[in-house]
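sharing a model prediction with you, sequence too.
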Amino acid sequence: MRRSKAAAPEAGAAAGVPDAQDQQQQHDEPPWESRTVAAAPAVAADLWVRQSTSSAGSRPDSGLAELAQTVGRPCSAPEVAVSTSGIGDSSSVRAGTAYSQWPASAVNTPELPVAEQQQQQQQLAHDLVDVLGVLLKQQLADTSSRQAKEARNDTLAVLQHLSKIPSCCTALATSSIMPMLLAAATTPGLQASSQYVPVGALTKDDGDHEMKLLLWAPLGNIATNSSEGLTSAGTLLRCMLLVVDESDGTSTFAVGRWSLDQLLALRRTAWSVLQQVAPLSKDEFRSCGGVNTLIRHTANSYMEGSISMYASSGSGSRAAPGSPSGHTQASLQQSLAPIGTSTSAKRSSSSIEPALRLLQRVVAADAAMATALVEAGVLPVLLQLLQSPVCYDVEAVRVGVLLLLAELCDAAGSSCRDQLRQIEGVGLLLKECQEMLEFDSSTPSLAGLSALDCLWRCCIPSSRCRAQFLALDGMDLLLGLLLKGNKYFRPVTLSILADLLADKRSLPFFMEWHSPSPTAAAPATIGTAVAGSPSSPSRAPRPAVINAVQLLLSIWREQDQARGLTGPDGVLANPSRPLAGLGERTKWRLSDMGGSGGYGQLEGERKQQIERIQAASSPDLLMDKVYACFSELGFDVVSAGLSPNDAAVLAFIRQYVKFRQGEVWQDIKAEFEAAGLTPTQEDGLRVVSGIQHSELLANQVADAQRDTGAVGG
């Protein structure tokens, strides 16, 4: 049974490894013994895969011995060596002998110690790889027919299997087959020919295209899972960068010979390999020009997509916000006319996202790499892309850009933040957050959370960025999000606010903020008659106004009510354990947060996304964050002018940390009792003292709440 040409390599090469019954059917005519043994290593490799994976519990190992006996030995060891390589050297004979013994030796031997079993498996892996190396050497040289190329690709499909097994991966990295794989993978990309691949052996037909797809994935696995294989990462990275580089790669035969669909498939595989290998070989990645290649690639993809969008909208249409000017669009369109607008859109939409993901991985916690990217000019490219993402999945590109900006600022520090501020990046990030508030606050989005995270990591740590943030009404934005935004955004928004309030320049902006209450009655649109007066339209009630302090207190009250911390009289319900309350706890639910409201039945993927956001945005720490905000503001500063109810709530918040400490002492006492342990006298006194101190403070707070005349929240 042949491998389907339409099958994607990512689906695994299992379809390319025939089982024993299919092999027997293929070799019925002419007889098995009189044919080449090109398929025999595939059977042995399939046995090895099944035997190795069964030890990890992923496949049952029952029937392996019977299958081995069914397959049998197609020929003797010397015959294997001669028929696969044409020469009878000692290494081929040794490999052939190992292969001829494979069916019997591949079966588990549980009586052996684990170390000896592992050593035996490692030796079997090396012997099997040697057999495949002898076979592959012949197949790379023989490309005279379609059948020969299909047989070669069958062997590569087996190698793709083996590269996923640790012992085989090590054997592949250290055997003589590794130079063959690299030569086949990089010819004619890095060289016109090699010792193993003759000139003109690789063309643009489907068989050679499939060979590239089958080669690159195993090499990525070998480099990722084997330290020996990582030594060849530089060669592999150069080849992959050549494939994904859309600037001038199509002018070379190595890339330009492929059709558009073939090239897109190759680039998808190349991006996958780069994702695997580049983060493990950052020095090689930089020396190969990977930084400049990715920046150039992202910029070109954006410009090509902009031109495609502009051309499709018509010359009389207004350009989208953030798109290039008319003069720039015309010049870009002229320079890229040979590519065509439809090609540009297809290429840019499929390659921006993997480029952004790769940059995130190589930048993470690497100051040198982040600095190199900033110095190479990545920030203007990212901001332009953020302002006008030109691809089919706009949200995915926005998320990728925002996460990359956050990683760059974390790794490169002040140099990145200063440049971001100078090119008006702070204002653009504020715009991203403002859009999620204006357009849709009913359901959370990854783009919204990414924008807030980027704002937090890129702007708040820098004094100058904070000043620009405040000057651009950033405080109004944060408080507006707390008031009207989705509740799952509250944890990160409160964290940003607490860090911002540590800068005393922000205090006036906070204290001067006022907004209509979200619970205010809507203005009347139809007149109502009042008893004893003429029927006339009534004046709409003026909405209640709350300030920033009251907004934070309202968030605290929500959590207080969910936990039952305060009773109906506005006083602590459980002074002995203030944060335990009455033992009641209502949790946020997906339906309560608008997970399906207004959208009907959500699709599975979108619902899973919202559930992940829900799990990551637990309300359990909201009270901690509200306390942090008030602590930075100063309790004495915010207490002036509060109503009795608000003053009672603030009295509770002021002692929140002490109550948390009391909870810790209560938990320690409970753990001792559950374990049947008795603490030392000194430790016991410390535990009792901590609990008593918390109870004393709770009673004092309860008395203060009664003195304020609070009557409930």
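Nice, thanks for sending it over. Residues are numbered from 1 along each chain as shown.

look up the pLDDT of Leu213 for me, please.
You'll see Leu213 listed with a pLDDT of 90.

the helix or strand encompassing it - contacts with which helices or strands?
When elements are defined using DSSP states H and E, Leu213 is found to belong to helix 206-225. Here helix 206-225 touches helix 146-162, helix 166-174, helix 177-186, helix 227-230, helix 233-244, helix 260-277, going by 3 or more CB pairs under 8 Å, 6 or more residues apart in numbering; DSSP states H and E. Glycine gets a C-beta too; all of them are placed from N, C-alpha and C.

any stretches of the stretch 201-350 of the chain with poor pLDDT?
247-254, 301-350 (pLDDT under 70).

sorry, that was for the stretch 501-650 of the chain
The model of the stretch 501-650 of the chain has pLDDT under 70 over residues 516-544, 583-603.

ok, and the closest non-adjacent residue to Arg475?
You called it Arg, but residue 475 is Met. In this structure, Met475 finds its nearest non-sequential neighbour in Phe509, 3.9 Å apart by CB to CB, 6 or more residues apart in numbering.

over to Glu695?
Once its chain neighbours are removed from consideration, Glu695 has its nearest residue in Ser576; the separation is 5.6 Å (CB to CB, 6+ apart).

now that neighbour, what's its secondary structure?
coil (DSSP: H, G, I helix; E, B strand; the rest coil).

tell me how many other residues crowd it.
Neighbour count of Ser576, defined by other CB atoms under 10 Å: 13.

likewise for Gln666?
19.

swap in the one 10 residues further on?
Residue crowding around Gly676 was assessed by other CB under 10 Å; the count is 6.

phi and psi next, for it.
Its backbone dihedrals place Gly676 at phi 70, psi 30, with angles given as degrees, to the nearest 10.

over to Ile546?
For Ile546, the backbone dihedrals (degrees, to the nearest 10) come out as phi -120, psi 150.

re earlier: give the contact list for the residue nearest to Met475.
If you count contacts by CB atoms under 8 Å, 6 or more residues apart in numbering, Phe509 has them with Leu470, Met475, Asp476.

quick one: which helix or strand includes the second one?
Yep, that's Met475 we're talking about. Met475 is part of helix 474-484 when elements are defined by DSSP H and E.

report the buried residues of that helix.
Buried residues in helix 474-484, counting neighbours by 16 or more other CB atoms under 10 Å, are found at Gly474, Met475, Asp476, Leu477, Leu478, Leu479, Gly480, Leu481, Leu482, Leu483.

please report how far the last one lies from Ser515.
Here the distance between Leu483 and Ser515 works out to 6 Å (CB to CB, to the nearest Å).

between these two, what contacts are shared?
Counting by CB under 8 Å, 6+ apart, the contacts common to Leu483 and Ser515 are Leu551.

which one, of the helices and strands packed on helix 206-225, ends up nearest to Ala548?
Within these, the stretch nearest Ala548 is helix 260-277; the backing value is 44.0 Å (CB to CB).

which helices and strands does the closest one pack with?
helix 206-225, helix 233-244, helix 341-363.

let's have the ones you listed in a markdown table, adding distance to Ala498 and mean neighbour count.
What follows is these, written out as a markdown table (distance: least, CB to CB, whole Å; neighbours: other CB atoms under 10 Å):
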| stretch | distance to Ala498 | mean neighbour count |
| --- | --- | --- |
| helix 206-225 | 40 | 23 |
| helix 233-244 | 42 | 22 |
| helix 341-363 | 27 | 21 |
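
now the ones you listed as CSV including distance to Asp703?
Supplementary listing: the helices and strands packed on helix 260-277 in CSV, determined by distance: least, CB to CB, whole Å:
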stretch, distance to Asp703
helix 206-225, 64
helix 233-244, 69
helix 341-363, 54
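
contacts only, for Val244.
With contacts defined as CB under 8 Å, 6+ apart, the neighbours of Val244 are Arg267, Ala270, Trp271, Leu274, Thr293, His297, Ser351, Ala355.

I am finished for the moment; much appreciated.
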